[in-house]
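S.K.: with the input below, show me the fold.
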Amino acid sequence: MTELGLCWAPSGGFKALWAAPGSAMLAKVVFPLLLWLRFAAGQDAPEPAPQPSASNAEGDLLLLLDSSASVSRYEFSKVKEFMWDLLQPFAFGPRDVQTSLIHISTTPSMEFPFDQHLSGASLRSAIAGTRQRMGDTNTGKALALAKEKLFSSQAGARPDVPKVLVWVTDGFSTDDISEPMRLLKDMGVTVFIVSTGRGNFLQLSAAASAPSDAHLHFVDVDDLPIITPELRDAIRDAIRANRLHATDVTSSSFRLVWPQLLSQDSGFYSLEYGPGGDPAARRALQVPGAQSSLVLTQLAPATTYEVALTPESNVHYVPPQRTRVTTLPEEISPVEVLISDCGPRSLQVSWAPVLDAVASYQVLYGPLPGGSARLLQVDGGHNSTVLEHLAPNTTYLVTVTAVYRSGTEKSLSAKACTLQATEAQGSRPREQHRLQ
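M.R.: Sure thing, here's the model as predicted:
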């Protein structure tokens, strides 16, 4: 067990508790670091686990870029920066978001298909390398090409995933956009429009998905970063709205949410979930058809779960939906122990943080060197207790152990001194021990 100890000396100030030669010099050197402790078991804190995907979404996203001569080179470069800023928090791949880009010009062209760039680094490089085509602003032709590619397996598009189109324009088109845009929306494509020019408000409002105030943005090209977070969230919501996805993710649970695909009378859902790569650990549940959310609990921290939801309809076929969810790293408690209000025969022990995953705390304390130890049980919702009936002018080792509901335990230790029986009792500066 690795420990670091202090106590409040009667003469004032902290007294170091090292027995090795040269400990006084060591105390002076180490004093600024006295708050750093290790677990009672002598192990360092675990390395942070990978964070869960910021996407938790599966969909095909098509970028429609005005690459005509009506856009200046400066504006074109700013729009490319905006596009990457818009995309970078997403996860990319066959089970996540896939992206394609189509140029608006005299003859529209596809810069890259949906399945070509399956990582953020590859996609960023592709957008940065995109060259302006110049020519006319034939947006209607580009929308017709977009309709074709959004549902083409040859272009890497996937069936049965949400389709989103983001059109960045200076507000003008040399051909009609109303009919091709209507066809796109009739096929279930969600359309966002960003206009960096004046444009025709009525025309663009009709072109964007409803409600237009949530899908249409007018902004100067230099102010594109202002709308980026809002637009990014709206794209994510559009992808998730008709798909199985997770919310309220913790280290041991998450909530699954899906669209209302069935009713109580039309069938039920078969739900399967388990850690990726471990088929033997998969679990199966049957969920009523009227239900559209479910909380999964008792999960392992920092683990990626694969989830499959199959609607078992007695009316018509409904395709299954899948998602992957990574639980958060396990939170650790305690990471700090504080000793305060020391008297001759009592002292207060506090710790933090208090976590829902902890069922109870055990406080083990005893005099040093050696001696009988006592154990206190404290409810998991509390973060302090008072140790009483102690011996005056004595150094105590105090160990706080968090007992998790999963059965695991984490401990942290600290040392403290009680005062001499003749000393006046009063408020003393706190000793604080942290695990960072």
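S.K.: low-confidence stretches in the chain?
M.R.: Along the chain, segments meeting pLDDT under 70 span 1-56, 423-436.
S.K.: give me phi/psi at the residue nearest to V97 when sequence neighbours are not counted?
M.R.: If the residues on either side of it in the chain are set aside, V97 comes closest to F90, at 4.6 Å by CB to CB, 6 or more residues apart in numbering. Heads up, the C-betas are built off the backbone N, CA and C, glycines and all. Main-chain torsions, F90, degrees, to the nearest 10: phi -70, psi 160.
S.K.: now W84
M.R.: Its backbone dihedrals place W84 at phi -70, psi -40, with angles given as degrees, to the nearest 10.
S.K.: just so I have it, where are all the helices in the stretch 201-350 of the chain?
M.R.: Ranges of helices in the stretch 201-350 of the chain, per DSSP state H, counting those that start in this stretch, are 201-207, 212-215, 224-241.
S.K.: how near is the residue nearest to V97 to A300?
M.R.: As judged by CB to CB, to the nearest Å, F90 and A300 stand 25 Å apart.
S.K.: okay, these two: which has more neighbours?
M.R.: More neighbours surround F90 than the other of F90 and A300, with 24 against 14 (other CB atoms under 10 Å).
S.K.: picking up where we left off before, so which of the helices of the stretch 201-350 of the chain gets nearest E148?
M.R.: Among the helices of the stretch 201-350 of the chain, the nearest to E148 by CB to CB is helix 201-207 (18.2 Å).
S.K.: need the CA coordinates for that closest one. CSV is fine.
M.R.: Provided in CSV are the C-alpha atoms of helix 201-207 (Å, rounded to 0.1, in the frame of the first residue of the first chain):
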residue,chain,number,x,y,z
PHE,A,201,-36.3,33.5,-49.6
LEU,A,202,-39.6,32.0,-50.8
GLN,A,203,-37.9,29.7,-53.2
LEU,A,204,-35.4,28.4,-50.7
SER,A,205,-38.0,28.1,-48.0
ALA,A,206,-40.1,25.9,-50.2
ALA,A,207,-37.0,23.8,-51.1
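S.K.: list the buried ones in that helix?
M.R.: Judged by neighbour count using 16 or more other CB atoms under 10 Å, the buried positions of helix 201-207 are 203-204, 207.
S.K.: helices or strands up against that helix?
M.R.: helix 178-186, strand 190-195, helix 212-215, strand 216-218 (3 or more CB pairs under 8 Å, 6 or more residues apart in numbering; DSSP states H and E).
S.K.: which neighbours in the sheet does the last one have, and how are they oriented?
M.R.: Strands adjacent to strand 216-218 in the sheet, as given by DSSP bridges, are strand 190-195 (parallel).
S.K.: contacts for the strand it pairs with?
M.R.: Contacts to strand 190-195, defined as CB atoms under 8 Å, 6 or more residues apart in numbering, come from residues 82, 162-171, 181, 184-185, 204, 207-209, 215-219, 224, 227, 231, 234-235, 238.
S.K.: can you rerun that using 7 Å?
M.R.: The contact list for strand 190-195 (CB atoms under 7 Å, 6 or more residues apart in numbering) reads 164-169, 171, 181, 184-185, 204, 207-209, 215-219, 231, 234-235, 238.
S.K.: quick check: ChimeraX command selecting the buried ones in these.
M.R.: Here is the ChimeraX command that picks out the buried ones among the contacts of strand 190-195, judged by 16+ other CB under 10 Å:
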select :164,165,166,167,168,169,171,181,184,204,207,208,209,215,216,217,219,231,234,235,238
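S.K.: which one, of the helices of the stretch 201-350 of the chain, ends up nearest to T385?
M.R.: Going by CB to CB, the one of the helices of the stretch 201-350 of the chain nearest T385 is helix 224-241, 44.0 Å.
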